[in-house]
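Asks: sequence and predicted structure, then a few things I'm wondering about:
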Amino acid sequence: MSAALLGDAASVSALVASLRRRAGDLELRADESDAAHAAAAVGWTGRVAVGHRRRVDAVTATSRGAAARMRELADALDDFAAALGEAQHDLRRASDEARSHGLVVQDGQVLPGWGISGEADGSADAERAETAERLGRRLQRTAVLLERRRAALAHRADEVSRWLP
């Protein structure tokens, strides 16, 4: 099997898990900051205290926002990993079907296999050509759908990166 289908769904899923873990860590630290901030607020008044509280509130809000963006990106990556896994499965099925008809999938195209594929038979050749065309359309559709998912993921990642300082 050889086709232009780049990516590894398991690696993308590992990145998703890492992003979600880090987002949880960031929210935990924001909660700890809120608790420490509340404990320090008792009896601490004045201009310096107010300035400190405002800065801590800003950092905490930014941390929570970053964690939310990380989760959004993780969700988008998770969707892409699922689509990539489905595309890889579809490619394997198409390759298996091609092989059963004496065809091979190479560089995203369905081509006649090498060697003797049986007796000269016009109807078998026509059926093989029809199968190659049908599988070629299927592979093209899979590649287009995956590229759309990849473009949507890139757009989402760009939105997240613009949000981050």
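Replies: That came in fine, so what should we check first?

Asks: if you go through this protein in chain order, where are the helices?
Replies: 9-41, 47-100, 122-163 (DSSP state H).

Asks: the last one vs helix 9-41, what angle?
Replies: The reference is to helix 122-163. 20 degrees (axes from the mean of the first three to the mean of the last three Cα atoms, to 10 degrees).

Asks: who are the packing partners of helix 122-163?
Replies: helix 47-100, strand 103-106, strand 109-112 (3 or more Cβ pairs under 8 Å, 6 or more residues apart in numbering; DSSP states H and E). (Glycine included, C-beta is placed from N, CA and C.)

Asks: now these in a markdown table, with mean neighbour count?
Replies: Formatted as a markdown table, the helices and strands packed on helix 122-163 follow (neighbours: other Cβ atoms under 10 Å):
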| stretch | mean neighbour count |
| --- | --- |
| helix 47-100 | 16 |
| strand 103-106 | 19 |
| strand 109-112 | 17 |
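
Asks: quick one, which of those is nearest to Leu164?
Replies: The closest of the helices and strands packed on helix 122-163 to Leu164 is helix 47-100. By Cβ to Cβ, the value is 6.7 Å.

Asks: still on that earlier bit, take the helices of the chain and write them to TSV, including mean pLDDT.
Replies: Shown next, in TSV, are these (pLDDT from 0 to 100):
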stretch	mean pLDDT
helix 9-41	93
helix 47-100	92
helix 122-163	89
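
Asks: can you put the ones you listed in TSV and add distance to Gln109?
Replies: Output for the helices of the chain, formatted as TSV (distance: least, Cβ to Cβ, whole Å):
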stretch	distance to Gln109
helix 9-41	23
helix 47-100	10
helix 122-163	6
